[in-house]
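A.B. asks: predicted model follows, preceded by the sequence.
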Amino acid sequence: MIHIQNLSVNYGTIPALHEINLDIAAGECVLITGPSGCGKSTLGRVICGLIPHAIPAQVEGQIQVAGLDTLSQTIPTIAQKVGMVFQRPASQLFHLRVEDEVAFGPRNLGLDDFDVQERVRWALQATGLYDLRHVRPAALSGGQKQCLAIAAALAMRTQVLVLDEPTASLDVPNTRRVMETLAALQADYGITIVLIEHRLAEAAQLAGRVILLEDGGIIADGAPAVVFADRDIRLRLGLRRPTEEPSVSWEELIQSNGNLHPEYQPLLSLDHVSAGFNGHQIIRDIQLSLFPGEFAALVGDNGAGKSTLAMVAAGLIKPQSGAVRFAGGARPRPGLDVALLFQDPQEQLFTDSVDEEVAFGPHNYDCFDPQQHNQIMHEADIWDLRPRRPLALSVGQQQRTTLAACLSLRPRLLILDEPTLGQDWGHLQRLMNFLQVLNQQGTTILLISHDYKLVHRYAQRVILLRSGQIERIGKIQFSTAAQTEASHEIIHT
């Protein structure tokens, strides 16, 4: 189904892939993983024909997918047999209603209305979006947009489906729903599936084969149990050991205790805050305080209102009612008092080089410190990327650049909205350990994540948001066996 021979890809003078030789059989499910920036997304873009037809790059070698030479065929021809879900789902959404987005592909195949509607209904139910079919895609949460992009790809029922980090912004129920749908597609339709992932637990269970990339080349190819058994490779590439996620809800994991730090004055307080967009209320009657030096986590399923709460806390949107106070005073100053790392890093990148991006804020406020700048660049592992254009980087590299830019002004409160996007565990753990040092020096941190183990490892207090309201505040408590497994993975991976 997929035949790649001597494939090399360069972006100008920047090498991305080197001498790739790969064969994937029809109906096979393959997991492609490796460190951030190793060439995974580039390989996916070549398979679906975006490179070289839509994304400029120098390509050498041969590639055939579903009987098509993707280097010579047009994208419309390739799209009938190969579908792709991007890391940034918003980049492939353009309709005014969810159901129209999913119907667009099947309609362009010339199917009759009955078949189109049947595919739309099936794809939306498979991704948990059926009740949102009349909603505007722009009004969806980041995780719901991810589900919509997947639904649009599923409705095409192509012979090959390439998914670039499809679970990065998904909660556990949606992740499992998507994986079950992919398994059914493979079994019922014989679709060939290429999964590009950093979250390995569910992907390793679905895939019968894993391919490891490093510096643009294949270094391992085999059964997941065999490849991931090599601890030295996991350590070198910064990969998590694929272990089972807890099969319980946040409510069962979080033991309520409040942990309200009554002896301290809050750094940030939200007093009966309600907020939303275009008159639509997303969070309601939020009463929450964050304290100096605290490391807290905000959790909840897709669409719960986590990102909206983060934007209110950062001073980026005004509440419809209630008050937001920073250090007992006025509204927080975005960037200076509170910095927010968005789910989509491209929404925050606008300069011509990584070095300029990270230095922009300090130069703008006349507080640039070369030593601090260099430290942040090294800790974010973007020192070697200094002259590169941010928008030409991988998503993981963009995320680390954006985080470094957020840290450059040393805000007293840092909010991270799904920082795991595009990150291998090695880079993520290095960043989180750096954040932990900042936290010990007094920076307050609010982490928004679906990652149970990340929250368990770093958060002192966990805030559960459900349908726009705070449902529980406490700490994660795994069972004894799960606690041992989580600790072993984090310490020894």
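C.D. replies: Okay, I see it.
A.B. asks: and residue 5, how far from residue 20?
C.D. replies: Using C-beta to C-beta, to the nearest Å, we find residue 5 at a distance of 8 Å from residue 20. Using the backbone N, CA and C atoms, a C-beta is placed for each residue, glycine as well.
A.B. asks: my bad, should have said residue 66
C.D. replies: 18 Å.
A.B. asks: the two: who's more crowded?
C.D. replies: residue 20 (22 against 17; other C-beta atoms under 10 Å).
A.B. asks: still on that earlier bit, now list whatever residues contact both of residue 5 and residue 20.
C.D. replies: Common neighbours of residue 5 and residue 20 (criterion: C-beta atoms under 8 Å, 6 or more residues apart in numbering): residue 61.
A.B. asks: how about the spatially most central residue of the chain: what's its closest non-neighbour residue?
C.D. replies: For the chain, the residue nearest the mean C-alpha position is residue 421 (2.8 Å; C-alpha atoms, centre = their mean). Closest residue to residue 421 apart from its sequence neighbours, by C-beta to C-beta, 6 or more residues apart in numbering: residue 168 at 4.8 Å.
A.B. asks: hmm, that neighbour is touching residue 428, no?
C.D. replies: No: counting by C-beta atoms under 8 Å, residue 168 does not reach residue 428; the two are 11.7 Å apart.
A.B. asks: you'd agree residue 297 is in a strand?
C.D. replies: Yes: Residue 297 sits within a strand when classified using DSSP: H, G, I helix; E, B strand; the rest coil.
A.B. asks: what comes up buried for stretch 332-339?
C.D. replies: Neighbour counts over stretch 332-339 (16 or more other C-beta atoms under 10 Å) mark 332, 335-339 as buried.
A.B. asks: re earlier: do you know how far the residue nearest to the centre of the chain is from residue 17?
C.D. replies: Per C-beta to C-beta, residue 421 is found 22 Å from residue 17.
A.B. asks: for residue 26, same thing?
C.D. replies: When residue 26 is compared with residue 17 (using C-beta to C-beta), they lie 23 Å apart.
A.B. asks: for residue 411, same thing?
C.D. replies: Residue 411 is 38 Å from residue 17, where distance means C-beta to C-beta.
A.B. asks: same thing with residue 54?
C.D. replies: Distance from residue 54 to residue 17, by C-beta to C-beta: 17 Å.
A.B. asks: ok, residue 135 next?
C.D. replies: Using C-beta to C-beta, residue 135 is found at 38 Å from residue 17.
A.B. asks: give me the more crowded residue out of the two.
C.D. replies: The neighbour comparison of residue 135 against residue 17 (other C-beta under 10 Å) goes to residue 17, with 26 against 16.
A.B. asks: might one say that the more buried one is in contact with residue 4?
C.D. replies: No: Residue 17 lies out of contact with residue 4 (C-beta under 8 Å); the separation is 9.5 Å.
A.B. asks: what is in contact with these two at once?
C.D. replies: Taking C-beta under 8 Å, 6+ apart as the contact rule, the neighbours common to residue 17 and residue 4 are residue 46.
A.B. asks: how about stretch 124-142, which residues are buried there?
C.D. replies: Quick answer for stretch 124-142 (16+ other C-beta under 10 Å): 124, 126-130, 132-133, 135, 137, 140-142.
A.B. asks: let me know the closest of the residues you listed to residue 302.
C.D. replies: Distance to residue 302 across the buried residues of stretch 124-142 (C-beta to C-beta) is lowest for residue 141, with 5.3 Å.
A.B. asks: my understanding was that the closest one contacts residue 300; is that so?
C.D. replies: No: the criterion here is C-beta under 8 Å, and residue 141 misses it with residue 300 at 10.0 Å.
A.B. asks: so where's the stretch 151-300 of the chain shaky on pLDDT?
C.D. replies: For the stretch 151-300 of the chain, residues meeting the criterion pLDDT under 70 lie at 243-248, 258-263.
A.B. asks: the stretch 351-493 of the chain now?
C.D. replies: 422, 478-493.
A.B. asks: which parts of stretch 382-390 are buried?
C.D. replies: If you call a residue buried by 16+ other C-beta under 10 Å, then stretch 382-390 has these buried ones: 382, 385, 388, 390.
A.B. asks: er, stretch 67-85 actually
C.D. replies: Neighbour counts over stretch 67-85 (16+ other C-beta under 10 Å) mark 68, 70-71, 73, 78-79, 81-85 as buried.
A.B. asks: just name the closest of those residues to residue 328, please.
C.D. replies: residue 85 (45.4 Å).
A.B. asks: what about residue 95, distance to residue 149?
C.D. replies: The value you get for residue 95 to residue 149, if C-beta to C-beta is used, is 12 Å.
A.B. asks: next: residue 65.
C.D. replies: Residue 65 is 20 Å from residue 149, by C-beta to C-beta.
A.B. asks: likewise for residue 290?
C.D. replies: Distance, residue 290 to residue 149, by C-beta to C-beta: 33 Å.
A.B. asks: straight-line length of stretch 290-305, end to end?
C.D. replies: For stretch 290-305, the first and last residues are 18 Å from each other (C-alpha to C-alpha, to the nearest Å).
A.B. asks: ok, and for that stretch, which residues are buried?
C.D. replies: Neighbour count says stretch 290-305 has 290-305 buried, by 16+ other C-beta under 10 Å.
A.B. asks: how close does the residue nearest to residue 95 when sequence neighbours are not counted get to residue 135?
C.D. replies: Nearest non-adjacent residue to residue 95, counting by C-beta to C-beta, 6+ apart: residue 101, 4.2 Å away. To residue 135, residue 101 is 10 Å away according to C-beta to C-beta.
A.B. asks: which residue ranges form the helices in the stretch 251-400 of the chain?
C.D. replies: Ranges of helices in the stretch 251-400 of the chain, per DSSP state H, counting those that start in this stretch, are 306-313, 354-364, 370-379, 395-407.
A.B. asks: deepest of those helices, which one?
C.D. replies: helix 395-407 (a mean of 26; mean count of other C-beta atoms under 10 Å).
A.B. asks: quick one, the helix or strand following that one and helix 306-313 angle?
C.D. replies: Per DSSP states H and E, the first helix or strand lying C-terminal to helix 395-407 is strand 413-417. Angle between the axes of strand 413-417 and helix 306-313 is 160 degrees (criterion: axes from the mean of the first three to the mean of the last three C-alpha atoms, to 10 degrees).
A.B. asks: just want the angle from strand 413-417 to helix 395-407.
C.D. replies: 160 degrees.
A.B. asks: how about strand 413-417: buried residues?
C.D. replies: Neighbour-count burial for strand 413-417 [16+ other C-beta under 10 Å]: 413-417.
A.B. asks: setting aside sequence neighbours, what's the nearest residue to residue 41?
C.D. replies: Distance criterion C-beta to C-beta, 6+ apart; nearest residue to residue 41, sequence neighbours excluded, is residue 164 at 5.5 Å.
A.B. asks: surely residue 471 is in a helix?
C.D. replies: No: applying three-state DSSP, one finds residue 471 to be strand, outside a helix.
A.B. asks: number the chain from 49, please
C.D. replies: Got it, the first residue is 49 from now on, which makes the last one we talked about residue 519.
A.B. asks: my read is that it contacts residue 304, right?
C.D. replies: No: applying C-beta under 8 Å, one finds residue 519 not in contact with residue 304, separated by 9.5 Å.
A.B. asks: and the helix or strand hosting residue 125, average pLDDT?
C.D. replies: Secondary structure from DSSP H and E places residue 125 in helix 123-127. Helix 123-127 shows a mean pLDDT of 90.
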